[in-house]
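Engineer: give me a model of this one.
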Amino acid sequence: MRTLTQVMTAATAVAALTLAGCGSATEDGSGTGDAENTASEVSSEHNTADVDFAAGMIPHHAQALEMVDMADGRPLDPEVEELASAIAEAQQPEIETLTGWLETWGEDVPDVDSMTAKDMESMEGMDGMEGMMSAMSMRQLENAPDQAFQDVWLALMLAHHKGAVAMAETEIAEGENPEAVALAEDIKDSQSAEIETMKSLIGGGA
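Structural biologist: Presented below is the predicted three-dimensional model:
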């Protein structure tokens, strides 16, 4: 099992290849299927819902990756390690894809590279974003003792995923861009499945 740091490094490299047009679509069902397009391939057709979806999902995914990073080096069950790896491998490329779309549409791209949880919480519109963890929740996760960390992580990530599903459902209902709607459908399906997995793992249920 690769470490989570190695997974995230590999995911970043894959995302760079995808944006350069050198990558191919994956078939692992982790949220990076047919909806993953390069910026040059995305349709210019879009509406406010598409922009809100892309601009909102970028910091949402970034926070999930921060939570995955917090899990690195913690004692986790193998199933939880596998889940964390899958989240990183799916969501880092999606951030790159969403960033490319916003740039193609001439829209502002959220700068989340150096943001802390507190910064994200204070961003315009973040206070009402579905499933975003507060700075306090992120501190609680970071400071959780090893024996409690796994269940705290699962509970917070489960709530975070529910928020992403709600955001995806809004895009599916209101979005106009076909690629964005397809990605939203992919996110809804993959994260709904991961929610069920997390429910089964809380309390060492696996």
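Engineer: quick check: nearest residue in space to the residue nearest to the spatial centre of the chain, chain neighbours excluded?
Structural biologist: Centrality entry for the chain: nearest residue to the mean C-alpha point is His61, 2.9 Å, by Cα atoms, centre = their mean. By the measure of Cβ to Cβ, 6 or more residues apart in numbering, the closest residue to His61 outside its immediate chain neighbours is Gln91, 4.3 Å from it. For every residue, glycine as well, the C-beta is placed using N, CA and C.
Engineer: try Pro178
Structural biologist: What sits nearest to Pro178 in space, not counting adjacent residues and going by Cβ to Cβ, 6+ apart, is Ser43, at 6.0 Å.
Engineer: might one say that that neighbour is in contact with Asn177?
Structural biologist: Yes. Judged on Cβ atoms under 8 Å, Ser43 makes contact with Asn177 at a distance of 5.7 Å.
Engineer: looking at these two, which one has more neighbours?
Structural biologist: Between Ser43 and Asn177, counted using other Cβ atoms under 10 Å, Asn177 has the larger neighbour count: 23 against 15.
Engineer: so what's that one up against?
Structural biologist: Residues counted as contacts of Asn177 (Cβ atoms under 8 Å, 6 or more residues apart in numbering) are Val42, Ser43, Glu45, His46, Asn47, Asp50, Trp101.
Engineer: how near is it to Glu81?
Structural biologist: Distance, Asn177 to Glu81, by Cβ to Cβ, to the nearest Å: 35 Å.
Engineer: and Lys188, which helix or strand is it part of?
Structural biologist: Using DSSP states H and E, the element containing Lys188 is helix 178-201.
Engineer: ok, back up a step: so which strand or helix has the residue nearest to the centre of the chain?
Structural biologist: Under the criterion DSSP H and E, the helix or strand holding His61 is helix 48-71.
Engineer: and that helix, what does it pack onto?
Structural biologist: helix 4-19, helix 78-105, helix 117-122, helix 135-143, helix 146-174, helix 178-201 (3 or more Cβ pairs under 8 Å, 6 or more residues apart in numbering; DSSP states H and E).
Engineer: now do 6 Å
Structural biologist: helix 78-105, helix 146-174 (3 or more Cβ pairs under 6 Å, 6 or more residues apart in numbering; DSSP states H and E).
Engineer: and the contacts of it?
Structural biologist: Defining contact as Cβ atoms under 6 Å, 6 or more residues apart in numbering, one finds that helix 48-71 is touched by 4, 84, 87-88, 91, 94-95, 98, 101-102, 107, 110, 112, 120, 129, 141-142, 153, 157, 160, 164, 167, 171, 174-177, 180.
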